[in-house]
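A.B. asks: curious how this folds, go ahead:
(2 chains)
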Amino acid sequence: MALSLFEKIWREHVIRDLGNGYALLHIDRNVNHDLVGSLVFEPLDKLKRRMPFPELNFATMDHGIDTDPGRGDETKIPGGKDGVQGLRRKSKEYGVHLFDLGDVRQGIVHVITPELGIALPGLTLVCGDSHTTTVGGMGALCWGAGVTEIEHVLATQTLLVEKPKALRILFEGRVAKGVTPKDMILYAIGQLGAKAGNGYCVEFAGEAIRALPVEGRLTVCNMAIEMAARFGMVAADDTTFEYIAGRPFAPKGALFDQGVRYWRTLPSDPGAAFDREVTLDAGKIEPQITWGTSPQDVIGVSGRVPDPAKAPNAEQRGYLERALKYAGLAPGAPIDGTPIDVAFIGSCTNSRLSDLRRAAQILKGRKVAKGVTAWCVPGSGQVKRDAEAEGIDRVFRDAGFEWREPGCSMCVALGGDKFGPGQRSISSTNRNFENRQGVGVRTHLASPEMVAAAAVTGRITDVRKLAV
Amino acid sequence: MDNFDVLTGKAAPLMRANIDTDAILPSRYLTRSSSQGKAGFGQFLFADWRFDDAGKPRPDFVLNRPEYKGAQILLAGENMGCGSSREHAPWALKGFGIRCVIAPSFGEIFFNNCFKNFVLPIALDAATVGKLAAQVEAGTGNRTMTVDLRQKTITAPDGSAIGFTIDEQRRQALLKGLDPIGETLLMWDEITAWRTKDQAKRPWAYLPKSG
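C.D. replies: Numbers count the residues shown, from 1 in each chain, chains lettered A, B, ... in the order given. Reported below is the predicted structural model:
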């Protein structure tokens, strides 16, 4: 029987089929962060039970911590320190792998799990964060869970899960020069809408996906949740296996070879059934930029902001009017040339070495425009170290960017990192929701290159005009 | 232990699409749970919509209007609770007194998290949600609805009955107030047997015992 990648991984993890579409699944990896802190350990404390499989559980600090150089446990946001210290205490008590502040392995959860070889093809991996979809780019089944579900995982290494339907999005053809994985996923969300993936596991496939390096696949899967899909994935292939080889928590030697043989059986079989299939023409995609308050509010950089007067119905008109009011944009205006106040490169979407390298190519020999605040927050200690070894930090600093410590930073606007009311931000993050980057902040999502281009011109700019 | 069977209460309409969990509970309050646990989030529900920059209630926001004081049911637009997985969103709803959310569709993680906290999310077609909102807003003074999880029915303000569907397993968990960890631990022998077999098949997926 022809099976999809999703179906194969799902079936392999079913401990008991509970009927009605539910199953108790084995969870191969769980990752905790400082926001779930010590709270998720409480049921274990109460049961006076040891964690059954601490070696499959990991912890790092990313959400609430500051990203200023020289930071410690103290955070600018009240309570952040309690999360950091609580997670540290409980991780040590229960024997969970901990990548603490100051450890080169510390970083954004979804950056470090592929980087450290914690995430492997064919695994189930959960984390108390919706962007866990990111890690599906390794060819694994990865999803965000709530605190109560994480409690269950820590206590049992299993989770009761409702089986999603399967959606495949095929990017046929090749992308044009200057078009990035971020543009591909933003384009897909714009085409399909912010709720298109509800109830689905999305497999991203097609020529343009196969051509992507692992880091690009992670970027694409990162935003599956922004089309309401709880799971996103890309089939593992030789590109993935080469990426995994030699990483600290990846299998070694004969075990690695055995893994590869197994992983080669996972891609969707020809003729595998999907509940829905969508084909997109990758060649049509231009650099994308959001204009509103949902990731679905996205256009090509040569496009115009929509005009509510042309909306097909009252509901749509109301939606557009509300979004434009928050965004402070005129109906029908071209987006290219819109002045910005702040530029941010970072987050689990776009803070990996390849992202920083590409942004640095735009920044090289240029300066951040007068009046613009620009930040770069590398995704992990390792990314930061590698970037510094290549001199990328110098390019960012010379251009006028702040070069900060790893963490979620301005993606979630915790840890005291936030922008001011009414400021217009261009950001390599994943959510342009109202108030996401600080009360009243207007966020435009784009690729790191587009952020770099806007930072140096002071305006939303088609990066292709600056690229060499 | 908590449970949910029949709820009779006032309904408030917040008929926007794509209400994200950042709106339901803004990020800056998330770290509170590190020291305060799951309680006390009701005061921050929809904080950026409920309050102005000076922290004063915005009189036009639906939950600040006197006619919706004490609302226990929230009517919302499609894709309700999209975005972040923060369980703080249902904690805030529950802390504020809202025990049921009715919308055409929900963000899945939010939907799941609601059940874990005995807040009942009900998906109805958009026209029916719109009809309920219209009745609540009509100004007849009756904004009360009854949600009966035993019968799987909603009694609208105009007295009409509307059936809803809900997964039976989730329904039972709400009615009985089950303890999910306790339930799973009852299957421990089965889990251990499964794991022994799996370790032989996927040895590369496991890591050395720590400590």
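A.B. asks: what pLDDT does A:Glu468 get?
C.D. replies: Quick fix: residue A:468 is Val, not Glu. Predicted confidence (pLDDT) for A:Val468: 63.
A.B. asks: where are the low-confidence patches of the chain?
C.D. replies: Chain wasn't specified; assuming chain A. A:415-416, A:468 (pLDDT under 70).
A.B. asks: look at chain B instead
C.D. replies: B:1, B:210-211.
A.B. asks: where along it do the helices fall?
C.D. replies: B:21-24, B:33-36, B:47-50, B:88-96, B:108-116, B:126-137, B:168-176, B:180-185, B:188-201 (DSSP state H).
A.B. asks: go on, the stretch 251-400 of chain A?
C.D. replies: A:253-263, A:314-327, A:353-363, A:381-390, A:392-399 (DSSP state H, counting those that start in this stretch).
A.B. asks: and the contacts of the fourth one?
C.D. replies: By Cβ atoms under 8 Å, 6 or more residues apart in numbering or on different chains, the residues outside helix A:381-390 that reach it are A:103-107, A:111-112, A:115, A:351-353, A:356-357, A:378, A:393, A:405-406. (Glycine included, C-beta is placed from N, CA and C.)
A.B. asks: report the buried residues of that helix.
C.D. replies: A:381-384, A:386-387 (16 or more other Cβ atoms under 10 Å in any protein chain shown).
A.B. asks: farthest pair in the residues you listed?
C.D. replies: Greatest spatial distance in those: A:Gly381 and A:Ala387, 10.8 Å, computed using Cβ to Cβ.
A.B. asks: out of the helices of the stretch 251-400 of chain A, which is the most enclosed?
C.D. replies: Ranked by mean neighbour count under mean count of other Cβ atoms under 10 Å in any protein chain shown, the helices of the stretch 251-400 of chain A are led by helix A:353-363, which reaches a mean of 23.
A.B. asks: any idea which residue sits dead centre in chain B?
C.D. replies: For chain B, the residue whose C-alpha lies nearest the mean C-alpha position (Cα atoms, centre = their mean) is B:Cys114; its distance is 3.3 Å.
A.B. asks: doesn't B:Val101 make contact with it?
C.D. replies: Yes: when contacts are counted by Cβ atoms under 8 Å, B:Cys114 is listed as touching B:Val101 (6.8 Å).
A.B. asks: residues shared between the contacts of the two?
C.D. replies: B:81, B:93, B:120-121.
A.B. asks: report the longest strand in the chain, please.
C.D. replies: Looking at chain A here, since you left the chain open. As assigned by DSSP state E, the longest strand anywhere in chain A is strand A:165-172.
A.B. asks: nope, chain B please
C.D. replies: Longest strand in chain B, counting by DSSP E: strand B:6-14.
A.B. asks: and it, how far out from the chain's middle?
C.D. replies: 13 Å (Cα atoms, centre = their mean, to the nearest Å).
A.B. asks: ok, residues contacting that strand?
C.D. replies: By Cβ under 8 Å, 6+ apart, the surrounding residues in contact with strand B:6-14 are B:62-63, B:68-77, B:99-100, B:102, B:120, B:132-133, B:136-137, B:143-150, B:157.
A.B. asks: are any of those residues buried, and which?
C.D. replies: By 16+ other Cβ under 10 Å, those give B:62-63, B:68, B:71-77, B:99-100, B:102, B:120, B:132-133, B:136-137, B:143, B:145-147, B:149, B:157 as buried.
A.B. asks: one step back: let's have the helices of chain B in a markdown table, adding distance to chain A.
C.D. replies: Shown next, in a markdown table, are the helices of chain B (distance: least, Cβ to the nearest Cβ, whole Å):
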| stretch | distance to chain A |
| --- | --- |
| helix B:21-24 | 5 |
| helix B:33-36 | 4 |
| helix B:47-50 | 5 |
| helix B:88-96 | 8 |
| helix B:108-116 | 4 |
| helix B:126-137 | 9 |
| helix B:168-176 | 6 |
| helix B:180-185 | 5 |
| helix B:188-201 | 5 |
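A.B. asks: could you dump those into JSON lines and include distance to A:Val456?
C.D. replies: Listed next are the helices of chain B as JSON lines, based on distance: least, Cβ to Cβ, whole Å:
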{"stretch": "helix B:21-24", "distance to A:Val456": "30"}
{"stretch": "helix B:33-36", "distance to A:Val456": "39"}
{"stretch": "helix B:47-50", "distance to A:Val456": "32"}
{"stretch": "helix B:88-96", "distance to A:Val456": "38"}
{"stretch": "helix B:108-116", "distance to A:Val456": "38"}
{"stretch": "helix B:126-137", "distance to A:Val456": "45"}
{"stretch": "helix B:168-176", "distance to A:Val456": "52"}
{"stretch": "helix B:180-185", "distance to A:Val456": "52"}
{"stretch": "helix B:188-201", "distance to A:Val456": "52"}
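A.B. asks: residues in contact with the residue nearest to A:Pro164 when sequence neighbours are not counted?
C.D. replies: Among residues not flanking A:Pro164 along the chain, A:Cys201 sits closest, at 4.4 Å (Cβ to Cβ, 6 or more residues apart in numbering or on different chains). Residues near A:Cys201 by Cβ under 8 Å, 6+ apart: A:6, A:141, A:164-167, A:229-233.
A.B. asks: and B:Pro180, how many neighbours?
C.D. replies: Neighbours of B:Pro180 under the rule other Cβ atoms under 10 Å in any protein chain shown: 18.
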